[in-house]
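# the amino acid sequence is not available; the structure is as follows:
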């Protein structure tokens, strides 16, 4: 685990934190086990390891390799969580150019959410009193928002990606063409793509049953062109059930286990490089799907249902139309023609 960045300002004096309670009643594994998805378990584990390291370091102790597993979460009080918030506020990440940037508000609040979760587990185990739990968890969230990361995938770029797949005569080329087509025409998350199963696809309806965040199931529909590419992949291995997208061995043998989230990302990166395109991620297809539907006049509620957002406000953040209106407004400003301001010969 990487060593967390040190705060740029001195942290407040940390109250002493006694030794951890017995492992059998430790809230960290209880909290992590209560999370539904592997991705959530990984994310919250990382947050708590990072927080434990920050608190140990602020108290002058060596955090060790896996600090959250032994940290005495049940002994935290309001002064500890207030100090943790101050430490979180001081953290930075390296930006694209190597410059240090503060954590975003959502990333900061993710760590506070993990902290509240492990405190609740401690309370449920009877390791904290109700008063101590409520006081400790009453740490304020950080305010502020950031625009969604990423970019749109233009139609010409998608065509170039499919050409890169077609140039690969192995089953991996057929698979990746279908995978990209499903990403492009459903806006599904990469974890949802990895979790798709053959029995969840109805070719006649061109519909996919997708299980998203919070174990919520929804139905999405693939474009006719995407259905043809998906059909070609399914015909390459005519099993009636099992994972939709599976690894392909370098010999061309189609394997039976599902692709991982990382494998989905790697497939996108590989085809993007072969097509000679700028960097893009699986989530950029989701961003593009939402923006394209809204551009075509599809109502916000329908788009929200298609992509499985819990709130329409989340979907609205991907709407490109307000930005275009603002750009159009700026273009109406009087501005001299650059050719008229060139120096005389």
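That came in fine, so what should we check first? The shown structure was predicted, so the numbers you read here are calculated from the model rather than taken from an experiment.

# next up, the contacts around the residue nearest to the spatial centre of the chain.
In the chain, the centroid-proximal residue (Cα atoms, centre = their mean) is residue 283; its distance is 7.8 Å. By Cβ atoms under 8 Å, 6 or more residues apart in numbering, residue 283 lies in contact with 149, 150, 189, 190. Quick note: C-beta positions are derived from backbone N, CA and C, even for glycine.

# return the set of buried residues in stretch 241-260.
For stretch 241-260, a neighbour-count test (16 or more other Cβ atoms under 10 Å) marks 243, 244, 245, 246, 247, 248, 254, 258, 259 as buried.

# also stretch 44-55?
Buried residues in stretch 44-55, counted by 16+ other Cβ under 10 Å: 44, 45, 46, 47, 48, 49, 50, 51, 52, 53, 54, 55.

# surely the third one is within a helix?
Yes - checked against DSSP: H, G, I helix; E, B strand; the rest coil, residue 46 lies within a helix.

# and the gap between it and residue 151?
Shown here: residue 46 relative to residue 151, a distance of 26 Å by Cβ to Cβ, to the nearest Å.

# cool, and the second one?
Remark: distance between residue 45 and residue 151 (Cβ to Cβ) = 30 Å.

# re earlier: let me have the buried residues of stretch 44-55 in a markdown table, extended by pLDDT and distance to residue 110.
Formatted as a markdown table, the buried residues of stretch 44-55 follow (pLDDT from 0 to 100; distance: Cβ to Cβ, whole Å):
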| residue | pLDDT | distance to residue 110 |
| --- | --- | --- |
| 44 | 96 | 8 |
| 45 | 97 | 12 |
| 46 | 96 | 10 |
| 47 | 97 | 6 |
| 48 | 97 | 11 |
| 49 | 96 | 13 |
| 50 | 96 | 10 |
| 51 | 95 | 11 |
| 52 | 94 | 15 |
| 53 | 94 | 16 |
| 54 | 93 | 14 |
| 55 | 92 | 17 |
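
# make CSV from those residues and add distance to residue 172 to it.
Output for the buried residues of stretch 44-55, formatted as CSV (distance: Cβ to Cβ, whole Å):
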residue, distance to residue 172
44, 34
45, 32
46, 31
47, 35
48, 37
49, 35
50, 36
51, 40
52, 41
53, 40
54, 43
55, 46
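
# who's in contact with residue 272?
161, 279, 280.

# touching the one helix or strand the first one maps to from outside, list them.
Taking DSSP states H and E as the criterion, residue 161 maps to helix 155-167. Counting by Cβ under 8 Å, 6+ apart, the neighbours of helix 155-167 from elsewhere in the structure are 173-174, 176-177, 180-181, 184, 229, 271-272, 274-277, 280.
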